[in-house]
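Asker: got a predicted structure plus its sequence, pasted below:
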Amino acid sequence: MRIAVLADVHGNAPALRAVLAELDAEPVDAIVVAGDVVGGPQVPEVLGLLEARSERVRWIAGNAEREAVAAWDGAPTKDDEAGRAASWSARALDRRRRDELASWPIALTLGGAVFCHGSPRRDDEVLTRLTPAGVLREALDGVAEPFVIGGHTHQQLVCPLGAGHPTYVNAGSVGMPYEGRPGAFWLVLANGAPEPRQTAYDLGAASRELRATGSPDVESHLAECLLEPVDRDWASAFLEHAAGRGEDPGPAPPA
């Protein structure tokens with residue numbers, strides 16, 4: 001069985017179209033959308049692209065979906081990037097899509113793997129390549145399948161955790177990567193082996209399309225993730241510090 005894992009699209013339709021074009025040329029049996037497909041400029045567009053696929057599509061809720069549904073339901077949002085993204089996404093949803101997002105699980109099992117966004121127990125668990133092995137094992141405790149495949153931290157990773165534990169895999173981010181280089185990052189699980197993928201696309205055309213939406217914070221997202229990507233090591237250290245592990249790495253170094 002071949003499964004494509006697309007995580008953290010974050011409303012970036014040009015990036016998603018590029019990945020789907022590769023899947024047209026190299027078909028899979030199923031697509032797992034591993035959370036945070038919303039929380040970005042083009043919410044109806046990315047949902048529509050995935051809904052139109054001929055493959056079986058399985059959906060997982062990330063923190064962006066949870067926050068968008070809460071905002072749709074009238075919960076107050078903070079005046080920060082996450083809050084503004086939730087409000088923008090909520091305004092782009094109708095009742096049908098709001099209910100669909102609310103129904104998505106935070107984890108599912110398919111093809112011998114557990115798929116999630118943050119971890120099988122939390123949609124916002126921060127797991128990076130700097131996370132101590134003991135923390136990873138605790139987050140994946142109780143999983144019998146050989147792989148746990150998630151997203152949330154926007155960096156590809158394949159991390160074996162030793163006998164008796166699953167391998168933790170991060171699919172990376174289609175629309176907002178923290179890889180130190182541009183592109184759309186995703187994964188194929190084929191014959192029980194994870195295959196990290198990277199897809200190039202026209203960043204100039206994508207920037208113009210995304211800017212035209214008027215989405216809040218689009219300029220900072222373009223700069224940090226696509227046009228002048230932040231250093232990968234700094235991003236990992238920043239995420240670990242935000243999770244309460246490790247020292248503050250200070251300002252991001254120049255690209």
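Answerer: Received, thanks. The model shown is predicted, which means the values in this text are computed figures rather than measured ones.
Asker: skipping adjacent residues, who's closest to residue 113 in space?
Answerer: residue 147 (4.0 Å; C-beta to C-beta, 6 or more residues apart in numbering). Every residue, glycine included, has its C-beta placed from N, CA and C.
Asker: you'd agree the one you found is up against residue 161?
Answerer: No: Residue 147 is beyond contact range of residue 161, at 10.7 Å (criterion: C-beta atoms under 8 Å).
Asker: sec struct for residue 197, please.
Answerer: Counting by DSSP: H, G, I helix; E, B strand; the rest coil, the backbone at residue 197 sits in strand.
Asker: how far away is the closest residue to it other than its chain neighbours from residue 141?
Answerer: Spatial nearest neighbour of residue 197, excluding adjacent residues (C-beta to C-beta, 6+ apart): residue 186 at 5.1 Å. For residue 186, the distance to residue 141 equals 27 Å [C-beta to C-beta, to the nearest Å].
Asker: of the two, give the one with the bigger neighbour count.
Answerer: Legend: neighbour count by other C-beta atoms under 10 Å for residue 186 and residue 141, higher for residue 186 (30 against 12).
Asker: got the contact list for that one?
Answerer: Shown in contact with residue 186 (C-beta atoms under 8 Å, 6 or more residues apart in numbering): 4, 5, 6, 7, 19, 171, 172, 174, 196, 197, 199.
Asker: closest to residue 91 among those?
Answerer: Of all the contacts of residue 186, residue 91 sits closest to residue 174, with 22.3 Å by C-beta to C-beta.
Asker: returning to what we had before: wait, what's in contact with the residue nearest to residue 113?
Answerer: If you count contacts by C-beta under 8 Å, 6+ apart, residue 147 has them with 112, 113, 114, 166, 167, 168, 169, 189, 194.
Asker: so what sits opposite it in the bridge?
Answerer: residue 113, residue 167 (DSSP bridges).
Asker: sorry, back to before: now the common contact residues for residue 147 and residue 161.
Answerer: Residues touching both residue 147 and residue 161 (C-beta under 8 Å, 6+ apart): 167, 168.
Asker: which regions of the stretch 1-150 of the chain lie under the pLDDT threshold?
Answerer: Within the stretch 1-150 of the chain, no range satisfies pLDDT under 70.
Asker: for the stretch 101-250 of the chain, just list every one of the helices.
Answerer: With helices called from DSSP state H, counting those that start in this stretch, the stretch 101-250 of the chain shows them at 133-139, 203-211, 218-221, 232-242.
Asker: residue with max distance from the center of the chain?
Answerer: residue 163 (27.7 Å; C-alpha atoms, centre = their mean).
Asker: ok, that one to residue 24 distance?
Answerer: According to C-beta to C-beta, residue 163 and residue 24 sit 39 Å apart.
Asker: count the residues that sit near residue 53.
Answerer: Around residue 53 there are 16 other residues, counting by other C-beta under 10 Å.
Asker: can I assume it is in contact with residue 20?
Answerer: Yes: assessed by C-beta under 8 Å, residue 53 is found in contact with residue 20 at 7.2 Å.
Asker: before we move on, the earlier item: mean neighbour count, the helices of the stretch 101-250 of the chain: which tops it?
Answerer: Each of those was scored by mean neighbour count; the highest is helix 232-242, a mean of 18, by mean count of other C-beta atoms under 10 Å.
Asker: and that one, how far from the chain's centre?
Answerer: Averaging C-alpha coordinates over helix 232-242 and over its chain gives two centres that are 16 Å apart (C-alpha atoms, centre = their mean, to the nearest Å).
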